[in-house]
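Peer 1: This is a predicted model, with the sequence first.
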Amino acid sequence: MEAEDFIAWGKAENTPMFSIHIPVDGQPATIGNGVMIALLAENSAQVKAIHSKAIALGAKDEGLPGPRGDQGFYAAYFRDLDGNKLNVHCMI
């Protein structure tokens, strides 16, 4: 997958991927900024549940669950207590 602000490598959209992003916040890329772990969920309900649990445990919201783009990608984003950015997503 490739867009103006990122590139991702993997076997297919529904498999683990490695990606590099231009940081959304405009700050320099560093550990936890411009780096993201993406986790595949089974469905949108699981995306919502994981995001909700992460926030309840002290994670910082970086993007509420919802559709992204027009290709059936549904995702949520958060930062763990160490500042690492995580994404949980599914294809709908």
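Peer 2: Received the coordinates, thanks.
Peer 1: The closest residue to Arg79 other than its chain neighbours and Thr15: what is the separation?
Peer 2: Distances taken as C-beta to C-beta, 6 or more residues apart in numbering put Lys60 closest to Arg79, at 4.4 Å, once the chain neighbours are dropped. Glycine gets a C-beta too; all of them are placed from N, C-alpha and C. Noted for Lys60: a distance of 27 Å to Thr15, by C-beta to C-beta, to the nearest Å.
Peer 1: And these two? Which one has more around it.
Peer 2: Lys60 (13 against 8; other C-beta atoms under 10 Å).
Peer 1: Would you agree the more buried one is in contact with Tyr77?
Peer 2: No. In this structure, Lys60 is not within contact of Tyr77 by C-beta atoms under 8 Å, at 9.6 Å.
Peer 1: Around Pro28, how many other residues sit close by?
Peer 2: Pro28, neighbours per other C-beta under 10 Å, totals 8.
Peer 1: Now the top strand by length along the chain: buried residues?
Peer 2: The longest strand of the chain (DSSP state E) is strand 60-68. Using 16 or more other C-beta atoms under 10 Å as the test for burial, strand 60-68 gives 62, 65.
Peer 1: Stretch 19-26 now?
Peer 2: Neighbour-count burial for stretch 19-26 [16+ other C-beta under 10 Å]: 19, 21, 23.
Peer 1: Lowest pLDDT pick from those residues?
Peer 2: Among these, Ser19 has the lowest pLDDT, at 80.
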